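*Asks:* please find the sequence and the predicted model below.
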Amino acid sequence: MKHLCFEGISALSEHNWIMDRILVQPSGPLSGDVKIKGAKNSALKLMAACTLTEGTFRLNNVPDITDVRLMSELLVSLGMTVERIPESTLEIINPGNLAPEAPYELVEKMRASIVVLGPLLATYGTAKVALPGGDDFGPRPIDMHLRGLETLGAQFHSQHGYIEGNCEGLIGARIVLEFPSVGATENVMMAAVRAKGETTIENAAREPEIADLATFLNRMGGNVLGAGTSTIVIEGVDELVAVEHSVIPDRIEAATYLAATGIAGGEVNLIGARPDHMDMLCQKVGEMGMRISADPNGLWVMCNKDLQSVDLATLPYPGIATDYKPFLVSMLTVASGVGIVTENLFSGRFRYVDELIRMGADIRTEGHHAVIRGVRRLSGAPVRAHDIRAGAALVIAALKADGETEIRDPEHIDRGYEGLVENLSSLGADIQRLS
Ligand code: UD1
């Protein structure tokens, strides 16, 4: 019995020893420049689009993050070659004749991989992709992706955890999406570019990443009009070519440093950020008391007074992105007054607030609403990162927490951030990562 007990303790301490963690001490004001990397949510879709034709692609400004590595593994499993060459460039070689099957081992780690379905189906007439499961912020259905592709002539059946699609050439059609889903819009766009005739997507998602994908497809020889608006018209083409393209800057990464500045105070330049992609967010944090200004290098942000609470609701673009919400919640935890946050996109996206509550935040959630009563300061505690944005939100909240905050499971943050700790540290935050 004694022996068993001893084994238990040594196993626990061994586990603690190998666990990565981020340690944050109260910090601020922040000051300096941060170079914003390429957008994860764009890079992943552009990588998927490289399945559409053979040749050598070059994608510049691709962040070195886990999700990009997973998408690279997926492309390699299809038969492609992916190599990272200096200065954030990925060289992707599509030799043609790919094996159009995305295995469960990769899809379960990254649900965005479902976007290979449309381009593979359109190119090979068949595609098999593991069904993505739910994730930490609720179920992620793909019914709109499938309905859109069916309207173009594909047929699907699912068995053994895979969805298999077949078609004998896709035919352009009018597709009305029930909701402006980012993934469904992208899947249909990439399929329609190879369909015969004209496809119209009504109620299309308008995110900047959709416009970036359209620019890429057009560079390849596609004919996509209206991306960035609710109606996208795609004229199918017979031939596409491999090209070079630079990924747009990551508005969500930029929002993370903007919110960090709001919480810790200070003055920061977000180099390369696109203020025109972040209008509603800038308006909201302006109402909270931050000063923000577009400049030729990107976005200048400053906070030299206490934040004021506001109400906000997440909406499809150009509304406030659901991915910004965890950072705004962190800001509201230390703002004066009471703010009500409504989540309209993903049902479970308040799960991480329990971690903020452990840090002394006053938050009550009810369904898709959270009521946040600001406190003067949070209190450092061990907390766990549950997903990419929730993890980053805990890191920036910790800047205004007394004592030490230990963020566990930082590998969730690595899925979407290259150098979060290094960047915050270069701005003057007292932060380090222990491996
Ligand atoms: C993408 C982003 C994610 C962002 C989200 C909303 C990537 C990798 N992820 O996710 O970071 O939070 O956009 O801006 O780019 N829905 C259905 N049926 C479908 C598709 C979606 O019901 O077939 C629902 C979803 O459950 C959700 C809503 O529509 O409630 C929006 O989802 P969608 O825009 O598709 O998000 P993703 O593309 O998964």
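*Replies:* Received the coordinates, thanks.
*Asks:* tally of neighbours for the nearest residue to residue 243 once chain neighbours are set aside?
*Replies:* Nearest non-adjacent residue to residue 243, counting by CB to CB, 6 or more residues apart in numbering: residue 219, 4.6 Å away. C-beta: built from backbone N, CA, C; applies to glycine. Residue 219 has 14 neighbouring residues, counting by other CB atoms under 10 Å.
*Asks:* mind pulling up the pLDDT for residue 219?
*Replies:* According to the prediction, residue 219 has pLDDT 98.
*Asks:* cool, and residue 365?
*Replies:* 95.
*Asks:* surely it is within a strand?
*Replies:* Yes: the assignment for residue 365 by DSSP: H, G, I helix; E, B strand; the rest coil puts it in a strand.
*Asks:* can you get me a residue count around it?
*Replies:* Residue 365, neighbours per other CB under 10 Å, totals 16.
*Asks:* next one: residue 76
*Replies:* Count around residue 76 with other CB under 10 Å applied: 13.
*Asks:* what about it, is that helix, strand or coil?
*Replies:* What three-state DSSP gives for residue 76 is helix.
*Asks:* excluding covalently adjacent residues, which one is nearest to it?
*Replies:* Excluding the flanking residues, the one nearest residue 76 by CB to CB, 6+ apart is residue 82, at 6.0 Å.
*Asks:* ok, now which ones touch the one you found?
*Replies:* Taking CB atoms under 8 Å, 6 or more residues apart in numbering, we find residue 82 in contact with 47, 72, 75-76, 90-93.
*Asks:* any idea how far residue 347 is from it?
*Replies:* The gap separating residue 82 from residue 347 is 34 Å, by CB to CB, to the nearest Å.
*Asks:* next: residue 423.
*Replies:* 31 Å.
*Asks:* looking at those two, which is more packed in?
*Replies:* Higher neighbour count among residue 423 and residue 347: residue 423, with 23 against 14, using other CB under 10 Å.
*Asks:* test my guess that that one contacts residue 33.
*Replies:* No: between residue 423 and residue 33 there is no contact under CB atoms under 8 Å: 9.6 Å.
*Asks:* one step back: so the residue nearest to residue 76: helix, strand or coil?
*Replies:* strand.
*Asks:* partners of it in the sheet?
*Replies:* For residue 82, the beta-bridge partners are residue 92 (DSSP bridges).
*Asks:* which residues of the stretch 101-250 of the chain fall in helices?
*Replies:* 104-107, 117-124, 143-151, 182-192, 208-219 (DSSP state H, counting those that start in this stretch).
*Asks:* most packed of these?
*Replies:* Across these, the average number of neighbours (mean count of other CB atoms under 10 Å) peaks for helix 182-192, which reaches a mean of 28.
*Asks:* from the chain's centroid, how far away is that helix?
*Replies:* 17 Å (CA atoms, centre = their mean, to the nearest Å).
*Asks:* export it as PDB, just CAs?
*Replies:* Taking C-alpha atoms only, helix 182-192 is exported to PDB below (Å, rounded to 0.1, in the frame of the first residue of the first chain):
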ATOM      1  CA  VAL A 182     -17.300  31.000 -42.900                       C
ATOM      2  CA  GLY A 183     -16.400  27.300 -43.500                       C
ATOM      3  CA  ALA A 184     -19.400  26.500 -45.700                       C
ATOM      4  CA  THR A 185     -18.800  29.600 -47.800                       C
ATOM      5  CA  GLU A 186     -15.100  28.600 -48.300                       C
ATOM      6  CA  ASN A 187     -15.900  25.000 -49.100                       C
ATOM      7  CA  VAL A 188     -18.500  25.900 -51.700                       C
ATOM      8  CA  MET A 189     -16.200  28.700 -53.200                       C
ATOM      9  CA  MET A 190     -13.400  26.300 -53.700                       C
ATOM     10  CA  ALA A 191     -15.600  23.700 -55.300                       C
ATOM     11  CA  ALA A 192     -17.500  26.100 -57.500                       C
END
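*Asks:* ok, now how distant is residue 202 from the ligand?
*Replies:* Distance from residue 202 to the ligand, counting by CB to the nearest ligand atom, to the nearest Å: 15 Å.
*Asks:* for that residue, which non-adjacent residue is spatially closest?
*Replies:* Residue 202 sits nearest to residue 176 (CB to CB, 6+ apart), 4.4 Å away.
*Asks:* repeat that for residue 288.
*Replies:* Residue 288 sits nearest to residue 307 (CB to CB, 6+ apart), 4.8 Å away.
*Asks:* near residue 370, how many other residues are there?
*Replies:* Look at residue 370: counted by other CB under 10 Å, it has 21 neighbours.
*Asks:* my guess is it contacts residue 341. True?
*Replies:* Yes: between residue 370 and residue 341 there is a contact at 4.6 Å, judged by CB under 8 Å.
*Asks:* shaky segments in the stretch 301-435 of the chain?
*Replies:* The model of the stretch 301-435 of the chain has no residue with pLDDT under 70.
*Asks:* and it, which residues reach the ligand?
*Replies:* Taking CB under 6 Å from any ligand atom as the contact definition, the stretch 301-435 of the chain meets the ligand at 321-323, 345-346.
*Asks:* filter those to the buried ones?
*Replies:* Among those, the ones that count as buried by 16 or more other CB atoms under 10 Å are 321-323, 345-346.
*Asks:* any idea which of the residues you listed is closest to residue 429?
*Replies:* residue 323 (21.5 Å; CB to CB).
*Asks:* okay, and the closest one sits in which element?
*Replies:* Using DSSP states H and E, no element contains residue 323; it sits outside every helix and strand.
*Asks:* and if you look at residue 259?
*Replies:* Going by DSSP H and E, residue 259 is part of helix 251-264.
*Asks:* packing partners for that helix?
*Replies:* Under the contact criterion of 3 or more CB pairs under 8 Å, 6 or more residues apart in numbering; DSSP states H and E, helix 251-264 touches strand 30-35, helix 40-49, strand 266-271, helix 279-287, strand 298-303, helix 325-333, helix 388-397, helix 420-426.
*Asks:* how about those in CSV, adding distance to residue 68?
*Replies:* Below are the helices and strands packed on helix 251-264 laid out as CSV (distance: least, CB to CB, whole Å):
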stretch, distance to residue 68
strand 30-35, 17
helix 40-49, 6
strand 266-271, 21
helix 279-287, 24
strand 298-303, 22
helix 325-333, 21
helix 388-397, 13
helix 420-426, 15
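*Asks:* of all those, which one is nearest residue 206?
*Replies:* helix 279-287 (12.1 Å).
*Asks:* give the buried residues for the closest one.
*Replies:* Residues 281-282, 284-285 are the ones in helix 279-287 that count as buried (16+ other CB under 10 Å).
*Asks:* of those residues, which is the nearest to the ligand?
*Replies:* Proximity of the buried residues of helix 279-287 to the ligand was ranked by CB to the nearest ligand atom; the top entry is residue 281 with 12.9 Å.
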